[in-house]
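[1] Let me see the structure of the following:
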Amino acid sequence: MLPTAQEVAERAARVVIEGVRAALASGRTEPVIGLATGSSPVGLYTVLAGAVEAGEVDFGRARGFALDEYVGLPPRHPESYREVLLREVCGPLGLPPERLHVPDGSGDSEEALAAGAADYERRIAEAGGVDVQILGIGANGHLGFNEPGSALTSRTRVKRLSERTRGDNARFFDSLDAVPTHCVTQGLGTVLDARRLVLVASGAGKAAAVAAAVEGPLSASCPASVLQWHADAVVVLDEAAAVGLANRDYYDASAAGL
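    Now for the predicted structure:
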């Protein structure tokens, strides 16, 4: 837990860089980064871009895999997650665009979308799995676009977005009606396969979801609670997002040496 969102971004970036270095040290010449979108990781990406400029890390041979993508947006729509990641990650971090992988939301049938989701799972496996997965958390506890009620061992698939999530994301579109109703998202089981998870959250609006994810029961009602299953999950919060945690003193003491 840190006082400000900027400090959250700086600490989380350090954890990501450490994960990339660990992957390289293990012989992974092309480390794989799992990329979240939305407002939560924006500051983290900005700090990583600064680290690239300073020569502290190089993403030129990395591969990036997006958590999710909307279904049905036109090619090159500015709010498709491919376009968002090209703007916010590939350019600033020096990640070559051809090394960015995004779920295919362009299928014109359930069968085509399902085939694209299965292909995405294969591509992750062929890359050797994700070394560091960057995550945010929704106000309702969603992880990726795994809404409450999602199977805890799920794989990449098509999901319907909850009205709460559509409302939260309407700020990126001209209107609520313009927000897609469906997406293709990595499943919770897919996320858990990553070697390291780094979740960032800031603001009081995330406090209830964070408390449920970290201290609540492992439950499909809070998809982010699957982080409790992972051996190397790092949660970086500001004071406002941490306000609901009952064991705050213990977490502060545990993090003191990080």
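[2] do you know how far the residue lying closest to S162 once chain neighbours are set aside is from A66?
    Of all residues not flanking S162 in the chain, E147 sits nearest, at 4.8 Å (CB to CB, 6 or more residues apart in numbering). Glycine gets a C-beta too; all of them are placed from N, C-alpha and C. E147 sits 18 Å away from A66, going by CB to CB, to the nearest Å.
[3] what's the answer for R87, then?
    13 Å.
[4] For this protein, give me the ranges with low pLDDT.
    For the chain, applying pLDDT under 70 flags the ranges 257-258.
[5] can you pull out the strands in it?
    With DSSP state E as the criterion, the chain has strands at 32-35, 63-66, 68-70, 100-101, 132-135, 157-160, 182-185, 196-201, 233-237.
[6] The last one vs strand 196-201, what angle?
    Per axes from the mean of the first three to the mean of the last three CA atoms, to 10 degrees, the angle that strand 233-237 makes with strand 196-201 is 20 degrees.
[7] what comes into contact with strand 233-237?
    Residues outside strand 233-237 that contact it (CB atoms under 8 Å, 6 or more residues apart in numbering): 1-2, 8, 11-12, 15, 196-202, 210, 213-214, 227.
[8] And the shortest one, by the same measure?
    Outside strand 100-101, the residues that touch it by CB under 8 Å, 6+ apart are 35, 63-66, 82, 85-86, 89-90, 120, 123-124, 127.
[9] which among these end up buried?
    By neighbour count, with 16 or more other CB atoms under 10 Å, the contacts of strand 100-101 hold 35, 63-66, 82, 85-86, 89-90, 120, 124, 127 as buried.
[10] With respect to N247, which of the residues you listed is nearest?
    L35 (30.1 Å; CB to CB).
[11] show me what contacts the residue nearest to S162?
    Each residue near E147 by CB under 8 Å, 6+ apart is listed here: 140, 159-162, 165, 223.
[12] Buried only: go through those residues for me.
    Among these, the ones that count as buried by 16+ other CB under 10 Å are 140, 159, 161-162, 165, 223.
[13] Check the gap between A115 and N146 for me.
    Distance from A115 to N146, counting by CB to CB: 20 Å.
[14] Looking at the two, which has the bigger crowd around it?
    Between A115 and N146, N146 has the larger neighbour count (other CB atoms under 10 Å), namely 29 against 13.
[15] Now the more buried one: closest residue in space, sequence neighbours ignored.
    Residue nearest to N146 in three dimensions, not counting chain neighbours: P223, with 4.4 Å by CB to CB, 6+ apart.
[16] How about Q228?
    That would be L218: by CB to CB, 6+ apart, it lies 5.5 Å from Q228.
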